[in-house]
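In: Just the structure for this:
(one chain, ligands or ions: 1)
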Amino acid sequence: MREEDVKDKGLYQRLSEYCAGDFYPYHMPGHKRGRYAGDMARYFGIDITEIDGFDDLYHANGVLRDAQERANRLYGAEETYYLVNGSTVGVLASVMAAAKRGEEILIARNCHRSVYHAAILQELKPHYYYPEILDEYGIWDGVGADGINRLLEQYPACRTVVITSPTYEGIVSDVSAVAKSVHRHGGVLIVDEAHGAHFGLDDHMPQSAVMCGADLVVHSLHKTLPSMTQTALLHVKGERADRRKLREYLRMMQTSSPSYVMMASMDCCVRYLEEHGAQRFAFMKRQYDLFRRQTETLKHIRIGSMTHMSEKGYHLTDWDMGKLVISVRNTSLTGPMLYRILREEYHLQMEMSGADYVVAIMTIMDTHDGWQRLADALRRIDDRIEGEEFDGAAGTASLPEKTGPFTPAEIVMTPADAFCADRREVPLEQAAGKTAAEFVNLYPPGIPLLVPGERVSTDILAKIRKYLQAGLCVQGVTPDAEIAVVL
Ligand SMILES: Cc1ncc(COP(=O)(O)O)c(C=O)c1O
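Out: Take a look at the predicted model:
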């Protein structure tokens, strides 16, 4: 077989061929390629370790280097790393490589908790950019370059800026403008694009932060593309980010036994996109347009869209068509009610529920049937709202929005100091004015309501109580309704 033919074989194909051969595994993993794995055998079949011919993720110079380079070409980055611990590890490594120990950092306050975890590990002093709220939907707006600029002037020691674009709800920021502002101040821009791994791969999609001047970009392949859970990519562009440190942190924070099944899944995903991406994105766009036409006559339920957004002075530049924010604001339904109706009556499992909306994630792998079932169900539910079937049922209509807004908190001490300080648990009603020692998150989306070191305000306590009453998942509050505060 010619060298090029071997080189062009995907990781999955190589694993399958190897494992169909007669090599006996005197090595990890202990299931011995599924021989004794019972029902799981088919999943274990290609699960190997770093044996000859299969490279080493942290010193890649063979099949894994080729696979990462392939992903790199697809996105147009300069360097791309496979991640087997989700975007979480990509964010951790990026922040820790960019911001020196103890440094100041500017963080958009709607970032995922992994950003705050990195701030704890690196003992950073955060300053926050609070995005505005899109009033129509009660969700976070995009990040404005002017606001970032102002904060960088106010805190000139900040050398690292982290923003999330798109947000969990699909709101896209003007990353190019933010990057220009950050670079003017000599900083590094990290974009958590975990929810936008499909960006930039087709003209129908928003541009990826990789092409908008970001220095480090994190993608969860598993969130919006056909790849296994936990698989993600970290892209580097330019010379501002310290690549040596980045590689070191990835080595430190990921397993020393990265899963070949996951890595093969990433390679398959990239190859699938190269081969079928254009056709699948075109299909998705057609389905999306049809869905929008079918739902534009709804009288009560609204599907989030860019229409009229630019006139209102908001910062978002786009809204990902893969995130359907289905709003029941100002109707007799709440988000959790709509979520439950869709699940129990129509067998449609949403990604998450907010106070007065639910989020459906749509990808290039959704079928015509998938789009149609949702459109049909929404039309029926809308008719039921019209028929006043739910009138008086909305006991939680005054729930605060799930992801925001919350008023800027006073920072009493750094997240690391508060996290490591002596602590005690106090009932919510006694927590006002104290300093949080632990995160309080709504999950999903995992954006902290309280970060260690923040003063616990009566406003945030009221929100936490309402979330608990509504039965939403609030992490960081004990079953006895207590939270940890600094002694
Ligand atoms: C904005 C954002 N960033 C990062 C993450 C972490 O991604 P992963 O689950 O791939 O570790 C999430 C997870 O939901 C997220 O919403």
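In: Just the local confidence number for residue 37, please.
Out: Residue 37 carries a pLDDT value of 68.
In: Show the contacting residues for residue 163.
Out: Counting by Cβ atoms under 8 Å, 6 or more residues apart in numbering, residue 163 touches 108, 111, 129, 143, 148, 173, 175, 178, 189, 190, 191, 192. (Glycine included, C-beta is placed from N, CA and C.)
In: OK, contacts around the second one?
Out: Contact partners of residue 111, counting by Cβ under 8 Å, 6+ apart, are 162, 163, 164, 192, 447.
In: A strand includes the second one, no?
Out: It refers to residue 163. Yes: judged by DSSP: H, G, I helix; E, B strand; the rest coil, residue 163 forms part of a strand.
In: mind listing what's buried in stretch 138-148?
Out: 138, 139, 140, 141, 142, 143, 144, 145, 147, 148 (16 or more other Cβ atoms under 10 Å).
In: which of those residues lies closest to the ligand?
Out: The ligand lies nearest to residue 140 out of the buried residues of stretch 138-148, by Cβ to the nearest ligand atom, at 10.9 Å.
In: Would you tell me which residues of the protein are close to the ligand?
Out: Listed as neighbours of the ligand in the chain under the rule Cβ under 6 Å from any ligand atom: 86-88, 91, 112, 114, 164, 168, 192, 194-195, 220, 232, 445-446.
In: biggest separation within those, which pair?
Out: Spatially, the most separated pair among the residues of the chain next to the ligand is 232 and 445, at 16.5 Å (Cβ to Cβ).
In: Kindly state the domain boundaries assigned to this structure.
Out: Listed domain ranges for the chain are 58-69+76-256, 278-386, 415-486 (source: automatic domain parsing).
In: For the longest one, measure first residue to last.
Out: Meaning domain 58-69+76-256. With Cα to Cα, to the nearest Å as the measure, domain 58-69+76-256 spans 8 Å from end to end.
In: what's the distance between that domain and the middle of its chain?
Out: Between the centre of domain 58-69+76-256 and the centre of its chain there are 10 Å (Cα atoms, centre = their mean, to the nearest Å).
In: How many residues are close by the closest residue to the ligand within the stretch 1-150 of the chain?
Out: Residue nearest to the ligand within the stretch 1-150 of the chain (Cβ to the nearest ligand atom): residue 86, separated by 2.3 Å. When neighbours are defined as other Cβ atoms under 10 Å, residue 86 has 19 of them.
In: And for residue 180?
Out: 16.
In: so it makes contact with residue 214?
Out: No: look at residue 180 against residue 214 with Cβ atoms under 8 Å: they stay out of range, at 11.1 Å.
In: now the helices for the stretch 201-350 of the chain?
Out: 221-224, 243-253, 260-295, 335-344 (DSSP state H, counting those that start in this stretch).
In: Need the pLDDT of residue 315.
Out: At residue 315, pLDDT is 95.
In: Same question for residue 25.
Out: pLDDT, residue 25: 86.
In: mind listing what's buried in stretch 191-205?
Out: 191-202, 205.
In: coming back round to it: mind listing what the residue of the stretch 1-150 of the chain closest to the ligand touches?
Out: 194, 220, 222, 230, 231, 232.
In: Nearest residue to the last one in space, please, no chain neighbours.
Out: Nearest non-adjacent residue to residue 232, counting by Cβ to Cβ, 6 or more residues apart in numbering: residue 83, 4.0 Å away.
In: need the contact list for that neighbour.
Out: Residues near residue 83 by Cβ under 8 Å, 6+ apart: 89, 90, 218, 231, 232, 233, 234, 250, 254.
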